[in-house]
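Trainee: this one's sequence-less:
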C-alpha cells in the first residue's frame, strides 16, 4: 500500500488519540500503520521515530529519525524530523549537537515551523549553559506574536546577546 489520503487519515486519527493508549499499544499501532508502507520508506521510519519519541524513548527514536532523513520525506515531515531529532539528541545529553542541527535548519529556509525550531533551540542553548542566548531566541520568536510591543521585545531579544543593540 502506498501513502494515500486514507492512510494519512488513519495516522492522523491514531495521533489524535495517543493519550487513549498505553505507550506500548500506541507504538504497536503506529508500527502497524508504518508496516503498510514499502520496506525502507522514509515516512515509515519517521512515524515510528515519532511514536518512540512521544512515549519517552528518544534512544530508539534517534536512529529512525536519521534513517528517515536519508530518504525523501515529503512536505513538512522533513523539517519535523530535524526538529524532533534535535530534541531527541538534546534529551540524550548532546545539546551542542542539537544546537548545530537547529542552526543549520534555520539557514535552510523559513516556514510555519520556524518558532518550533527556535523553541527547541532555546532549550538546547540552555543545556549548553548559554541561557542569555536561549532567552534571546525565545523572546525573539515570541515577539512577533504579541498584540503590542513587538518592536520593543525584538530589540530586547537582540540586546540580550549584543548589549550595543
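Mentor: Everything's here; your move. Quick caveat, the model's predicted, so the values are computed rather than measured.
Trainee: and the closest residue to residue 10 other than its chain neighbours, which helix or strand is it part of?
Mentor: Once its chain neighbours are removed from consideration, residue 10 has its nearest residue in residue 33; the separation is 6.1 Å (Cβ to Cβ, 6 or more residues apart in numbering). Just so you know, the C-beta spots here come from the backbone N, C-alpha and C atoms, and that holds for glycine as well. Here residue 33 is covered by helix 23-34, with elements defined by DSSP states H and E.
Trainee: still on that earlier bit, number of nearby residues for the residue nearest to residue 10?
Mentor: Other residues within reach of residue 33, judged by other Cβ atoms under 10 Å, total 21.
Trainee: repeat that for the one 4 residues further on.
Mentor: As a burial measure, residue 37 scores 17 neighbours (other Cβ under 10 Å).
Trainee: for the chain, what are the low-confidence residue spans?
Mentor: Under the criterion of pLDDT under 70, the regions of the chain flagged as low confidence span 1-3, 164-165.
Trainee: how much space separates residue 70 from residue 45?
Mentor: Relative to residue 45, residue 70 is positioned 9 Å away (Cβ to Cβ, to the nearest Å).
Trainee: oops, could you answer that again for residue 27 instead?
Mentor: The value you get for residue 27 to residue 45, if Cβ to Cβ is used, is 14 Å.
Trainee: and the two? Which one has more around it.
Mentor: The neighbour comparison of residue 27 against residue 45 (other Cβ under 10 Å) goes to residue 45, with 23 against 18.
Trainee: that one: which element?
Mentor: For residue 45, the secondary-structure element it belongs to, assigned by DSSP H and E, is helix 42-54.
Trainee: skipping adjacent residues, who's closest to residue 30 in space?
Mentor: Taking Cβ to Cβ, 6+ apart as the measure, residue 30 lies nearest to residue 51, with 3.8 Å between them; neighbours along the chain are not counted.
Trainee: show me the contacts for the one you found.
Mentor: Under the criterion of Cβ atoms under 8 Å, 6 or more residues apart in numbering, the neighbours of residue 51 are 26, 27, 29, 30, 31.
Trainee: out of those residues, who's nearest residue 111?
Mentor: When the contacts of residue 51 are compared for distance to residue 111 (Cβ to Cβ), residue 30 comes out closest, at 24.6 Å.
Trainee: re the thing from before, so what secondary structure elements neighbour the helix holding residue 33?
Mentor: Judged by 3 or more Cβ pairs under 8 Å, 6 or more residues apart in numbering; DSSP states H and E, helix 23-34 is in contact with helix 5-16, helix 42-54.
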